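Enquirer: Need coordinates for the following:
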Amino acid sequence: MPQFLHSSTAVLAVIALAAASPSSYVPRAAPTGATYASGFDIMTSWGNLSPYKAAPGFNVSKGFPKGCELSQVHVLHRHAQRYPTPYPLDGGGIESFSEKLVNYSKAHPNVTVGRGPLSFLDDWKDMMGEDLLLVTGAATEATAGADFWTKYGRVLYRAPAGVPTWDESLNVYPNGTARPKPVFRTTSQDRILESARWWLSGFFGNTGANSSYDQYDLVVIPEVYPFNNTLASYDSCPGDEAGSDADWKKQLKHATPEYIDVFFDNVGGEVLDACLMRAARNARFVICGAISQYNAAKPRGPSSYMNVISQRVTMKGFIVFDYIKQYPAALKDLASWLAQGKIRRKEYIIKGGIEAAPQGLVSLYEGANTGKMMVEVVPECESIGKETNAKL
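Expert: You can find the predicted model right below:
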């Protein structure tokens, strides 16, 4: 939205919201009834699988008061059409269906899978990629950038008549002195970065996504801990994800936007089930315990085991004492990774001295802690010597 402030920085923030993607690569040879006589278009009601369609607007004026001058513009833009993610409710269902179809055809080579309008299933293959920006998505971004230039860029940079597109000579203050290059921001995720480049190609009026690089500064913020990424803050600002136990599955989803590649499980039960639903393709699950089930009258088994098949998950039991000889090497690697910020540790410290230890044990079996539980016997400020660790 336009803001009438005394500043010269145009900011683009591209965020990773779920975008649309086609659900099949097979072209439609005949009408499918997607659009009805009433005007209802079912393709707009497929949730995250619906093709991109511009919003009709919010009845907000796109102009500004007479006599005012536009000095700053902010736009927050999503990425456009992409291939689906492997999440079960997105591309995972298509992948699972494709695999079942292939397995059935191999097991029954002489059986016809589809008949009539479904005959294409006899040789159908899933040809879609994962997560990548589609060509149509690139076109959507470029069009959006060009449209933004037309509505706001020309006014912001005082483009005179006869200058329809961006020109470097426009980047000056009202007194004629040179302005700094426009600044734009994006995250480091491939499709987000590519979306930003294509949006900028439209804004700057060039025919390729790379021929206007020298006209602007693009700040690429890594989507990894511990960078303060305000466009993807699930690592740097986890406080907004904190809530009650009732919404822990929602928190898990937000904490694993790229899904889970390696999972070390010693809880079992609902936690294992939820993490299996967030498993990435070829994920590895290390099973070393199931503390949530130890005292259950009837321990529950995993209910999300079908995702083990569709995501090609490897699950293996693990007993730490089988690897005693590797302890020194493991400690060295872990210490290095911790120092580099590649891994994080969480500690749940119970204060109150040794008297708090019994309640600490009860809390441990109630699952009150997140991370390693310890009882602080003596406050660190009262420890003997700087190198003494006062925690038990």
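Enquirer: show me where pLDDT drops low in the stretch 51-200 of the chain?
Expert: 87-89 (pLDDT under 70).
Enquirer: What are the boundaries of the helices in it?
Expert: Along the stretch 51-200 of the chain, the stretches classed as helices by DSSP state H, counting those that start in this stretch are 93-107, 135-148, 154-156, 190-203.
Enquirer: Residues in contact with the longest one: which ones?
Expert: Spelled out, that is helix 93-107. Defining contact as Cβ atoms under 8 Å, 6 or more residues apart in numbering, one finds that helix 93-107 is touched by 23-24, 84, 86, 88, 111, 113, 121-122, 124-126, 128, 306, 309-310. Every residue, glycine included, has its C-beta placed from N, CA and C.
Enquirer: ranking those by neighbours, who comes first?
Expert: Highest neighbour count within the contacts of helix 93-107, by other Cβ atoms under 10 Å: Pro84, with 24 neighbours.
Enquirer: if I read this right, that one contacts Ser50, doesn't it?
Expert: No - counting by Cβ atoms under 8 Å, Pro84 stays clear of Ser50, with 11.9 Å between them.
Enquirer: So which of the helices of the stretch 51-200 of the chain is nearest Gln293?
Expert: Evaluated with Cβ to Cβ, the helices of the stretch 51-200 of the chain place helix 93-107 nearest to Gln293, the distance being 27.6 Å.
Enquirer: Go through the closest one and flag the buried ones.
Expert: Across helix 93-107, burial judged by 16 or more other Cβ atoms under 10 Å covers 93-96, 98, 101, 105.
Enquirer: what pairs with the helix or strand hosting Asp261, and is each one parallel or antiparallel?
Expert: Taking DSSP states H and E as the criterion, Asp261 maps to strand 260-265. Strand 260-265 has the following strand partners under DSSP bridges: strand 279-287 (parallel).
Enquirer: Which neighbouring elements make contact with the helix or strand that the strand it pairs with is followed by?
Expert: Once the chain leaves strand 279-287, the next helix or strand it forms, by DSSP H and E, is helix 306-310. Applying 3 or more Cβ pairs under 8 Å, 6 or more residues apart in numbering; DSSP states H and E, we find helix 306-310 packed against helix 93-107, helix 269-277.
Enquirer: Dump the first one to PDB, restricted to CA.
Expert: What it means is helix 93-107. What follows is helix 93-107, C-alpha atoms only, in PDB (Å, rounded to 0.1, in the frame of the first residue of the first chain):
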ATOM      1  CA  GLY A  93      -1.400 -37.900  -2.600                       C
ATOM      2  CA  ILE A  94      -0.500 -37.700  -6.300                       C
ATOM      3  CA  GLU A  95       2.800 -39.500  -5.700                       C
ATOM      4  CA  SER A  96       1.100 -42.200  -3.600                       C
ATOM      5  CA  PHE A  97      -1.500 -42.800  -6.300                       C
ATOM      6  CA  SER A  98       1.100 -43.000  -9.000                       C
ATOM      7  CA  GLU A  99       3.200 -45.500  -7.000                       C
ATOM      8  CA  LYS A 100       0.100 -47.700  -6.300                       C
ATOM      9  CA  LEU A 101      -0.800 -47.600 -10.000                       C
ATOM     10  CA  VAL A 102       2.700 -48.600 -11.100                       C
ATOM     11  CA  ASN A 103       2.900 -51.400  -8.500                       C
ATOM     12  CA  TYR A 104      -0.600 -52.800  -9.500                       C
ATOM     13  CA  SER A 105       0.400 -52.700 -13.200                       C
ATOM     14  CA  LYS A 106       3.600 -54.600 -12.600                       C
ATOM     15  CA  ALA A 107       1.700 -57.200 -10.400                       C
END
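Enquirer: Could you give the separation of it from the chain centroid?
Expert: Per Cα atoms, centre = their mean, to the nearest Å, the displacement of helix 93-107 from the mean C-alpha position of its chain is 27 Å.
Enquirer: domains in the chain, as residue ranges please.
Expert: Per the TED database, the structural domains of the chain span 132-237, 247-318, 330-375.
Enquirer: what sits up against the strand holding Asp261?
Expert: Contact partners of strand 260-265, identified using Cβ under 8 Å, 6+ apart, comprise 271-272, 275, 278-280, 282-290.
Enquirer: would you put the C-alpha positions of that strand in CSV?
Expert: What follows is strand 260-265, C-alpha atoms only, in CSV (Å, rounded to 0.1, in the frame of the first residue of the first chain):
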residue,chain,number,x,y,z
ILE,A,260,11.6,-34.0,8.4
ASP,A,261,14.6,-35.7,6.9
VAL,A,262,16.0,-37.3,10.1
PHE,A,263,13.9,-37.9,13.3
PHE,A,264,15.2,-39.4,16.5
ASP,A,265,12.3,-40.7,18.5
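Enquirer: and the angle from it to helix 269-277?
Expert: Strand 260-265 and helix 269-277 are oriented at 160 degrees to each other (axes from the mean of the first three to the mean of the last three Cα atoms, to 10 degrees).
Enquirer: just how off-centre is strand 260-265 within its chain?
Expert: Distance of strand 260-265 from its chain centroid, counting by Cα atoms, centre = their mean, is 17 Å.
Enquirer: Buried ones in it, by neighbour count?
Expert: 260, 263, 265.
Enquirer: partners of the second one in the sheet?
Expert: The one in question is Phe263. Note on Phe263: beta-bridge partners by DSSP bridges are Phe285.
Enquirer: Show me what the mean pLDDT comes to for stretch 215-224.
Expert: Averaged over stretch 215-224, pLDDT sits at 82.
Enquirer: That one spans what distance, first to last residue?
Expert: Terminal residues of stretch 215-224 are spaced 28 Å apart (Cα to Cα, to the nearest Å).
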